[in-house]
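Asker: Quick one, fold the following:
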Amino acid sequence: MPWRPLSMFLLVTTLSCVLAEPMPRITFQRGDPGRSVKIFNHEGIRHYDRFLLSEDQQKLYVGAQDYVLHFSIDNAGTLEFKKHIHWPSDQKIISNCVSKAKSNETECLNFNRVLLPINNTHLYTCGTNAFSPVCTYINLETFSMYESDDGQIITFDGRGQSPFDPQHNNTAVMVDGEIYTGTMYNFKGNEPIIFRNLGTKTPLKTETSLGWLHPDASFVGSFNLAGTPAESKVYFFFQETAREFDFFEKLTVSRVARVCKNDAGGDKVLQKKWTTFLKAQLLCSHPDGFPFNVLQHVAILHPEDPERSIFYGVFSSQWQAGGSSSSAVCSFRLKEIERVFDGNYKEQNKESLRWTANTGQVPNPRPGSCVPGKFSDTDLNFMKDHFLMDEKVSPPDQFPLLIKQGLRYTRIAIDSVPTDSGNYTVMFLGTEKGSLQKVVVVNDKSFHIIEEMELLPNQEPVQNLFLASSKRMLYVGYSAGIQHVPLANCSVYTSCFECVLARDPYCAWDVQSRMCRWAQSKSNTLTYWLQDIENGNPNSTCLTSPPKGRTPASANETNPMTVANYTAKYNTILKLKCPQRSTLASYTWRHPLLKSSEKQIVTSQDTLVIIVRGDTLGLYECWATENGFTYQVAKYWVKDPSGVEVTHRDSQNMDDSNMDTSLYGNGHSYYTHFVVVSILLVSTLFAILCFVLYNWRDKLKAKTKIQGCSTPETEKLSDTTRLNGICHSNRNIPRVCCVPMSGADSTMDVDNNTVKLRTPNGVAAEDVSDV
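Answerer: Numbering: from 1, shown residues only. This next block holds a predicted model:
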């Protein structure tokens, strides 16, 4: 019983923590003209899953269900459909798939899972092909697949390159004409491999029998970077169940693995298997230790420079208390990953099966190092059992960049945006509810959620993001089509202070044209562009001395978003809206005569409700305060119904210096506080009630434990009722229940409901009991 109030208290505590979570400054609903997007869809084509941008960035290739599509891209980033290749599964293969208890509507189809350039003239593509993976080539000149004389597409075995099941994650990267893949190798989906194929080198894969990968491994990304020494290696990111921990519950961990491009496999040991495979754990945890251990997706920043290369991953947790999702974004420097791979190994004790740090001698050259030539059999035998690194890869500051409660991120795309004050990292985060959040990273430590856009219908999870920075466009692939999302819509900010408060690196205020514009199109006159990504402070940016010939805008000169006049009959209810676009601002209403009209004014969240009377006429203004800057968002004139202009003495000038300002209706509504306090109050009352009932229940048990003689409360004794010897039951049936006590000594045994009597002579009487 005492646990109930405690659980309620924990619920309230959790709710209060959620309320303190970082929020997007602005949220655009689906279809909002302020953040309009273009949509491409084609009848009969679904699941736009794989995107590939041509080297000249003028063409986009898309792999979909049973199709491969070709688009051209104009300078504005708009897609123009050109051609498509129909690539369905053969009917015999579909029938075979259905016979294995798979669905012919959702599984026994050809889902495109690999779409990569093999050279300047051809693409390489693979599909699930109704649980029989196949691959083929596409001629870019004709945009067609190679066909046999009878018109059939020429394909070859795609095992190890595409998964069988379209629900299984996979990754692939093309390096020097060779494909490196991470996928499931069998129909059952319990044999994950890292595989190299094509080209002139020996095909290699991981050794399943040695447990290098757990059967449930799920791949989310693969990369080959430019520059020494990263160019000689290929990195894979995935999640799997850990073998090295002794827990009752299976623990999922996130990993990074590395193989060398010059790996040729072993001669006697590890034939046609990787001899340079290493893996390490990625650590992403809350400051209190709560782990975000499930890697959902990964992207890279600065792949051209290994000294600055950073991987950004979105993580969730396998433990979601109460069904509430949570996410984190962690970054990992390539230099830190390489340092861990150069560290100590883990090894498993053959007797205790425990994993511990290797304390023995390490062969030279080190196992897993990318050295020319082949390793000796002795070194390879060491390598077979020492593929896991002892140290974990941690973020630069040991903690996540961003933690979000109540929401699970599914995809990430990264951009580096140059500004006058330096380069800023912008993250685009897809969510499980079909929305997209844009986040700017400040000083590599803090962050600001610029905006959130609700994109996909029916809250379909975002499963594919493709960033084309040169086109200023983000392409979102989903089940029914492709959405073109501009990286920014600067024109939605109509004033200098709005442009600065947004803290969007893509946008800056052009003093000359008095417009918020795309910042990267700036001319050489940098002094005419205003930005403050670090602090977002209009007071120090917009209100400082402008270039010669220009005057700064003041807070009182800003045009409100909403202006309206109202004429209503007396004693009618009038609702005035205060547009609350920024969730980071607090909102207040101003009216000159609050004291005389406060009984007729009610506020609720974003609405001011008034009863039209003589003392409630006049000017109403809604003001917002954000980051120390106050600006007007709405202005309303409530006029006399007779048409006579009514002005209050203080309405003539609404400056703070000479008006009786009334502030009420804070935009940070106390509604959430009211909910929290109400829940806390109800839980307290519930606890008190439980305590009272618990005590009453104990007393009731104690009272019913002892049953003595008594007179029924429902019976009223008459004058003739005998007081000794005979008592009446509630059925008016007389029975002996009491014995006359006068003149006798007695001993009462309460526990056994007996009375022992002694006569005046001291002789014991017969025991009498109530039966």
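
Asker: mind showing which ranges of the stretch 401-550 of the chain have poor pLDDT?
Answerer: The model of the stretch 401-550 of the chain has pLDDT under 70 over residues 521-527, 544-550.

Asker: which stretches of it form strands?
Answerer: Applying DSSP state E, counting those that start in this stretch to the stretch 401-550 of the chain gives strands spanning 402-405, 409-419, 422-431, 435-442, 446-454, 465-468, 473-478, 481-486, 507-510, 515-518, 529-530.

Asker: Name the strands paired with the third one and say parallel or antiparallel.
Answerer: Going back to what we said before, that points to strand 422-431. strand 409-419 (antiparallel), strand 435-442 (antiparallel) (DSSP bridges).

Asker: in that strand, what counts as buried?
Answerer: Neighbour-count burial for strand 422-431 flags 424-431 (criterion: 16 or more other Cβ atoms under 10 Å). Just so you know, the C-beta spots here come from the backbone N, C-alpha and C atoms, and that holds for glycine as well.

Asker: The longest one too?
Answerer: Along strand 409-419, these residues count as buried under the neighbour rule (16+ other Cβ under 10 Å): 409-415, 417, 419.

Asker: Out of the strands of the stretch 401-550 of the chain, flag the one nearest residue 197.
Answerer: strand 465-468 (24.6 Å; Cβ to Cβ).

Asker: Which neighbours in the sheet does that closest one have, and how are they oriented?
Answerer: Short version: by DSSP bridges, strand 465-468 pairs with strand 473-478 (antiparallel).

Asker: returning to that earlier point: mind putting the buried residues of strand 422-431 into JSON lines with distance to residue 360?
Answerer: Below are these laid out as JSON lines (distance: Cβ to Cβ, whole Å):
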{"residue": "424", "distance to residue 360": "47"}
{"residue": "425", "distance to residue 360": "42"}
{"residue": "426", "distance to residue 360": "47"}
{"residue": "427", "distance to residue 360": "43"}
{"residue": "428", "distance to residue 360": "47"}
{"residue": "429", "distance to residue 360": "44"}
{"residue": "430", "distance to residue 360": "46"}
{"residue": "431", "distance to residue 360": "47"}
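
Asker: and the residues you listed, which two are the farthest apart?
Answerer: Checking these with Cβ to Cβ, the most distant pair is 424 and 431, at 21.9 Å.

Asker: want to try TSV for the strands of the stretch 401-550 of the chain, with distance to residue 161 as columns?
Answerer: Converted to TSV, these look like this (distance: least, Cβ to Cβ, whole Å):
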stretch	distance to residue 161
strand 402-405	34
strand 409-419	22
strand 422-431	26
strand 435-442	30
strand 446-454	35
strand 465-468	21
strand 473-478	21
strand 481-486	25
strand 507-510	42
strand 515-518	40
strand 529-530	49
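
Asker: quick revisit: out of the buried residues of strand 422-431, which is nearest to residue 488?
Answerer: residue 426 (9.2 Å).

Asker: worst-scoring helix or strand of this structure, pLDDT-wise?
Answerer: helix 3-19 (a mean of 37; mean pLDDT, DSSP states H and E).

Asker: Please name the strands paired to the helix or strand just after that one in the sheet, noting orientation.
Answerer: Proceeding N to C from helix 3-19, the next assigned helix or strand is strand 26-28, under DSSP states H and E. When pairs are called by DSSP bridges, strand 26-28 turns out to pair with strand 446-454 (parallel).
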